[in-house]
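S.K.: heads up, no residue letters with this:
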């Protein structure tokens, strides 16, 4: 199992960038100057927030996307289209609902022209290995999520790939199912029963990365790049309660909440700045709930993120979104893996609904530039109304269409809560009028 | 049932006609002109038509029915072949798409019976003096009633294949051919089967209409139920009409049991869903087959062979590079292509105008437009009447699940039943009581198509969530308030789907409904349908082209400016869940 650094890398990524060309001329950089080598015998994790480009990198290695610049090689050859010897497990399972379990597993072999009899033998072996015995003739829709992902694994393993790519393979599963599948997989790995050399997995779950990987690459967002590389030297099977394990998790939390620039308090926020800031949609009611939770005991204004994530049953990624929204609104700050309420945040917790809305509105207009802009445009126009397209266009100068959609949704939702303006969904029109 | 119902008119594309629609209209009509022109050149007398004459002997009816069914089957096979090639090309090639999709879109608004004139002439010209040509013309007429919505559904499915499955195919190195059979076709199957079912049920109308047709001095009578009815009308034999009605009834039931149902039940496994559904379509025939051993063993080698065929690694260009990122496709070739298309459009338009100009003046065009407006008025009035009657009835039935279960198949059956077989019964009444043909011929237009409204409304009312009904009940919402705020919004999208089909069908029916005869008595209503029918009979091709073109443009505008926005509105505001 132990590998030497000298052995030829399975994957060699050098200086890879990925840009999306936008109509306005300024490209959207998703991935910037990424280097990655994967040696035989290791499990490598790509850890990062959504939108940090980790999935893009995985797809470049899978040959599903081409890099805009830089070099991506698999076993010494430049990747052009899906390389042989690489198989992928999908977040959404990507099973064919009209094929049985057995047919789904045979799928990849069939494409290679493997003979019928051999196909059957190998598929049955993979099904046996992954614990799907007895389900051969079932259709995917008859299976639970966990069993479906097992089919996904069997389908990838049956082609005996050198490198197994996993795109958030457990994130669509419930907690218990995901845990079972993870440990089963790790058991097979350490027993050397998996017909693969290395694994590359994408995840946003910090504990999952620490539990499974030998090496973790932490990605930062906008543009996506490798912020840190962390070696995990713990031996398998790993214990989540082990103090070293906890320490590692805590330190990764801290690293992921680190602000990109040191000019903390004055910086405009997290993604981009000014009007072009990407706003991830979080409900104002959830924000209010979180502020209350933080203000009360046992946290009394300051909480450790992993602890909070655990007690609120939230994924780290979701909690980050919430924390960052609070930070953007100056209701809280994120430092060293902790979230801490500001004075405004504490005041918010003590107010009644109407006063909260007023405070929220005040913070929106002062601290989130796009709200200032919307308000200004509505005030200036004689009709006191403006189509959403007016702002969408401006947003799309800075971000992808999807991000612009999400940002617009956030503007509407926060603006409505703060009673800053009205929005007519059908006409896609912002206005100052409220229905009488 | 109506779940898979992708209404062909509401494909989520732009509402207002764009330049491609205009181009498509011009291309289609231009193409027709060329067909006719070619037909006229080879217009040989058909004295040698060696069909044994159709007789009214009821014992010949099974044989006639069989021949009618064969035409249907042949047409559906052609439709499938067309669907798979045309839609695939449109979905996989951006340049082809620019041309093919607007053409398809217009074609489904074209009055199919208007085609008949051209196709009969064309096919008879291809095989002068042989029954074969006439048979082909009939099959082609049925084909034109079936193919467009199937192709549209297939195209849309191909464009909406889930991204993760596309990636799975790519990363497991499937060739273009393998991918087509492993992913594209299965994914498109439920929509295709549903549309095929709708097409077949619509097809009966056209098979009946196309079996006995007179173009100029050419009369084609193909042995079949339709020809039998035509003869019965000529000989004023009401009993024979009744026999034909009963035969058709039996034929449709058998067709449903032996073909449609097994296919629908079989296609259920392709439904793209992650959870097992509650109600699964059933077919005793399919169950029977699935339980037999010998039969299955016999077909096993066939199935093996077929699946081996799909596994061949034909190195088709991998047709899924859409999402690989590079959006820059040779703009020069694009420009050349668009110029070519536009040039073709202009040429077709010029051809059409030149052809029509030889005998027709602008006044003729104005006349045709006025007639078309008369037909439009009829369609609108009838749709309103049908809505006022069938929406309350449909809601009443739909909210009673036990009753709905029994009525729904009946409504679907009535929609499939070729109403033109029943026309004589109404014409007899009009003749006997001397009623005004302009008014009383009109209901015939909607006789066969109103059922689409009924069964869609029933489906909508059945699917209406019971919690919302209970909420309305507990707040004592009744009367008009209940209709306005509770049930009408709930069934709206379903109603629109049904109404679009009904309205399109009515336009088509106008060509056979605005002119009717019983024996030597001829009834004519003022309208574009009668105009086309009379021009057809007189062999006046210029007028047929003009009539079809006017009708086609009006129907397209009606769909674009009224139905499509209405459908979009319903989808946006009233789609539950």
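M.R.: Perfect, thanks for sending it. Predicted model, so just to flag it, every value in this text is computed and none were measured.

S.K.: close to chain B: what parts of chain A are there?
M.R.: Residues of chain A lying near chain B by CB under 8 Å from any CB of the partner chain: A:20-21, A:59, A:62-66, A:81-82, A:84, A:86-88, A:90-94, A:96-98, A:107-108, A:110-113, A:139-142, A:159, A:426. (Each C-beta comes from the backbone N, C-alpha and C, glycine too.)

S.K.: how about the strands in chain B?
M.R.: Applying DSSP state E to chain B gives strands spanning B:212-215, B:218-221, B:515-518, B:521-524.

S.K.: show me the contacts for residue B:536.
M.R.: Listed by CB atoms under 8 Å, 6 or more residues apart in numbering or on different chains, the contact set of residue B:536 reads B:116, B:117, B:213, B:214, B:215, B:544.

S.K.: in terms of contact, does the third one touch residue B:222 like I think?
M.R.: No - in this structure, residue B:213 sits apart from residue B:222 without contact. The criterion is CB atoms under 8 Å, and the distance is 9.0 Å.

S.K.: which SS class is the residue nearest to residue A:237 when sequence neighbours are not counted?
M.R.: Take residue A:237 and drop its neighbours on the chain: the residue closest to it by CB to CB, 6 or more residues apart in numbering or on different chains is residue A:186, 6.5 Å away. Here residue A:186 is helix, with the state taken from DSSP: H, G, I helix; E, B strand; the rest coil.

S.K.: what residues are up against residue A:186?
M.R.: By CB under 8 Å, 6+ apart, the contact set of residue A:186 is A:211, A:212, A:236, A:237.

S.K.: could you pull up the residues touching the last one?
M.R.: Pointing back at residue A:237 there. Taking CB under 8 Å, 6+ apart as the criterion, residue A:237 is in contact with A:183, A:186, A:187, A:190.

S.K.: and the residues you listed, which of them are buried?
M.R.: Neighbour counting over the contacts of residue A:237 (16 or more other CB atoms under 10 Å in any protein chain shown) leaves residue A:186 as the buried ones.

S.K.: out of the contacts of residue A:237, who's nearest residue B:513?
M.R.: Checking the contacts of residue A:237 against residue B:513 by CB to CB gives residue A:183 as the nearest, at 71.5 Å.

S.K.: separation between the residue nearest to residue A:237 and chain B?
M.R.: Applying CB to the nearest CB, to the nearest Å, the value for residue A:186 to chain B is 24 Å.

S.K.: next one: residue A:13
M.R.: To chain B, residue A:13 is 17 Å away according to CB to the nearest CB.

S.K.: confirm that residue sits in a strand?
M.R.: Yes - according to three-state DSSP, residue A:13 belongs to a strand.

S.K.: run a quick neighbour tally on it.
M.R.: By other CB atoms under 10 Å in any protein chain shown, 22 other residues sit near residue A:13.

S.K.: mean confidence (pLDDT) on stretch A:395-409, please.
M.R.: What stretch A:395-409 shows for mean pLDDT is 84.

S.K.: same thing with stretch A:175-183?
M.R.: Averaged over stretch A:175-183, pLDDT sits at 90.

S.K.: got the buried residues for that stretch?
M.R.: Buried positions in stretch A:175-183, judged by neighbour count with 16+ other CB under 10 Å: A:177, A:178, A:179, A:181, A:182.

S.K.: who touches it?
M.R.: For stretch A:175-183, contacts defined as CB under 8 Å, 6+ apart pick out A:144-146, A:149-150, A:169-171, A:173, A:208, A:211-212, A:237.

S.K.: so residue A:18: helix, strand or coil?
M.R.: Applying three-state DSSP: residue A:18 is strand.

S.K.: show me how the chain divides into domains.
M.R.: This is for chain A. Here the domain parsing of chain A from automatic domain parsing is A:11-257, A:280-349, A:355-431.

S.K.: chain B is the one I meant
M.R.: Following automatic domain parsing, one finds the domains of chain B at B:46-109+B:146-272+B:279-317+B:330-341, B:360-577.

S.K.: export the ones you listed to CSV and tack on mean pLDDT?
M.R.: Listed next are these as CSV, based on pLDDT from 0 to 100:
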stretch, mean pLDDT
domain B:46-109+B:146-272+B:279-317+B:330-341, 80
domain B:360-577, 86
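
S.K.: now do residue A:22, the pLDDT please.
M.R.: Looking at residue A:22, its pLDDT is 64.

S.K.: closest point of the stretch 351-500 of chain B to chain A, which residue?
M.R.: Going by CB to the nearest CB, chain A is nearest to residue B:489 of the stretch 351-500 of chain B, at 13.7 Å.

S.K.: show me the shaky parts of the stretch 301-436 of chain A.
M.R.: Applying pLDDT under 70 to the stretch 301-436 of chain A flags the ranges A:434-436.

S.K.: taking it, what residue is nearest to chain B?
M.R.: Relative to chain B, the nearest point of the stretch 301-436 of chain A is residue A:426 (6.9 Å; CB to the nearest CB).

S.K.: the stretch 101-250 of chain A now?
M.R.: Residue nearest to chain B within the stretch 101-250 of chain A: residue A:108 (4.0 Å; CB to the nearest CB).

S.K.: now do that residue against residue A:158, distance only.
M.R.: As defined by CB to CB, to the nearest Å, residue A:108 lies at a distance of 6 Å from residue A:158.
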